[in-house]
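>>> okay, sequence plus prediction incoming.
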Amino acid sequence: MFHLKEGDAAPDFSAPIDNGQTVSLKDYQGKKLVLYFYPKDDTPGCTAQACSLRDGYGSFMARGYEILGVSPDSVKKHVKFKDKFSLPFPLLADEDHAVSEAYGVWGEKKFMGKAYMGIHRTTFVIDADGKIERIIRDVNTEHHFEQVLGV
């Protein structure tokens, strides 16, 4: 896990998003991308994180950033989550964990003494050339927009 570092080329991916279309990293070529991995739709921390990014969406757009959320939830669950919280950015359904594994954020977690496999909440800021500019592993869900943009 966590094998990528700043300056590395971001791994390509291809997976469905909430509107049913398939996206890949190549679709963001020439654009800056905030690629954020989160464990599960409609849970307290994940909702706080998504809403923080939603609230800062205008600032991201003004600075030339696109945002893409990634979790192992289905397209159907993403649609409900996105609609419920008026999220203006796409959510990628990584049901087979291929994208999470490529980025090194899928691994063992522990909760209340039980071990299970899941996403380690991580955000990658990818530059217009497809290089990882920044990795945020210690995510502040309530203030993630400020954390990513440094405001």
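Structure's in. What do you need?

>>> and the closest residue to Lys31 other than its chain neighbours, backbone torsions?
Using CB to CB, 6 or more residues apart in numbering and skipping the chain neighbours, the partner closest in space to Lys31 is Glu66 (5.2 Å). To be clear about C-beta, it is placed using only N, CA and C from the backbone, and glycine gets the same treatment. The phi and psi torsions at Glu66 (degrees, to the nearest 10) take the values phi -100, psi 160.

>>> distance of Glu66 relative to Gly58?
In this view, Glu66 and Gly58 are 13 Å apart by CB to CB, to the nearest Å.

>>> higher neighbour count, the two?
It is Glu66, of Glu66 and Gly58, that has more neighbours when counted by other CB atoms under 10 Å, with 16 against 10.

>>> you'd agree the more buried one is up against Lys32?
Yes - counting by CB atoms under 8 Å, Glu66 does reach Lys32; the two are 7.0 Å apart.

>>> helix/strand/coil for Leu4?
Using DSSP: H, G, I helix; E, B strand; the rest coil, the structure places Leu4 in coil.
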